[in-house]
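[1] here is the input, now give the coordinates:
(chains A and B)
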2 protein chains.
Amino acid sequence: MATTPDPPYVAVIFTNQRTAGDDPEYDATAVRMEQLAARIPGFLGVESARAADGTGITVSYWADEEAVARWRDHPDHVESRARGRADWYAWYELRVARVERARSFAAT
Amino acid sequence: MATTPDPPYVAVIFTNQRTAGDDPEYDATAVRMEQLAARIPGFLGVESARAADGTGITVSYWADEEAVARWRDHPDHVESRARGRADWYAWYELRVARVERARSFAAT
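    Below you'll find the model as predicted:
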């Protein structure tokens, strides 16, 4: 669960399909990118799930568009994205959205 | 992959954790809710992934806030949400966001 402040903030919705086959380098890069994102000023949190069929959704949350731009332009992230297009993703969709309201539930 | 029109449109980001144990009724309800959503005017698409650890992310896309309200207020959906809180979810977060830009990639 990503604990985010009250809206507004920015969500980057990354839905994707992995190419066939495991690749330890992909897994290592995914971990490294998550650690890198967490160090960028304005990072609020990230949530990720991948189904057995290779469909993945990662949603990262950012304080504002400036934070999203810092993440987009980080050289290590730029390099990893190029690698992702070359080797790791059959397709992806990237959507940038402004979160307007939110609510949460926790079972007692 | 959800094929959506050019922004702006609305994304409903539903991240959640299932309670332990399989429940065929949950699976049946999830399928039924997805079919129901697809019949609501203004529905644009839905993407969903659940990891082996029970973390799930579903993002549904809607033409405008009126479509989101139709989905929120549909009696079958209201009933399923109550059941979800009672039995199926350890926690969830629901965020409503306005998609401002999008891009896609497909490997050739």
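[2] for the lengthiest helix in chain A, the averaged confidence score.
    In chain A, taking DSSP state H as the definition, the longest helix is helix A:24-38. For helix A:24-38, the mean pLDDT works out to 95.
[3] hmm, that helix touching chain B?
    No. On the criterion CB under 8 Å from any CB of the partner chain, helix A:24-38 is out of touch with chain B, staying 12.7 Å away. Yep, even glycine has a C-beta here, placed from its N, CA and C like the rest.
[4] quick one: residue A:73 from chain B, how far?
    Look at residue A:73 and chain B: by CB to the nearest CB, to the nearest Å, they are 16 Å apart.
[5] which residues of chain A lie near chain B?
    Residues of chain A lying near chain B (CB under 8 Å from any CB): A:1-2, A:4, A:7, A:11, A:13, A:15, A:17, A:19, A:47-52, A:55-57, A:59, A:85, A:89-107.
[6] PyMOL command for the buried members of those residues?
    Buried members of the residues of chain A next to chain B, defined by 16 or more other CB atoms under 10 Å in any protein chain shown, are picked up in PyMOL with:
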select buried, chain A and resi 4+11+13+15+17+47+48+49+50+55+56+57+59+89+92+93+94+95+96+97+98+99+102
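[7] what is the rounded mean pLDDT of stretch A:62-79?
    Mean pLDDT, computed over stretch A:62-79, is 98.
[8] circling back to that earlier point, out of the residues of chain A next to chain B, name the ones that lie in strands.
    Mapping the residues of chain A next to chain B onto strands (DSSP state E) picks out A:11, A:13, A:15, A:17, A:47-50, A:55-57, A:59, A:89-106.
[9] run through the residues that contact the residue of chain A found nearest chain B.
    Distance from chain B to each residue of chain A (CB to the nearest CB) is smallest for residue A:97, at 3.6 Å. By CB atoms under 8 Å, 6 or more residues apart in numbering or on different chains, residue A:97 lies in contact with A:10-13, B:11, B:97-100.
[10] what about 10 Å?
    Residues in contact with residue A:97 (CB atoms under 10 Å, 6 or more residues apart in numbering or on different chains) are A:10-13, A:59, B:7-11, B:13, B:59, B:61, B:95-102.
[11] mind pulling up the pLDDT for the residue of chain A positioned farthest from its centre?
    No residue in chain A sits farther from the centre than residue A:108, which is 29.3 Å out by CA atoms, centre = their mean. At residue A:108, the model reports a pLDDT of 83.
[12] mean confidence for stretch A:47-58?
    Averaged across stretch A:47-58, the pLDDT comes to 91.
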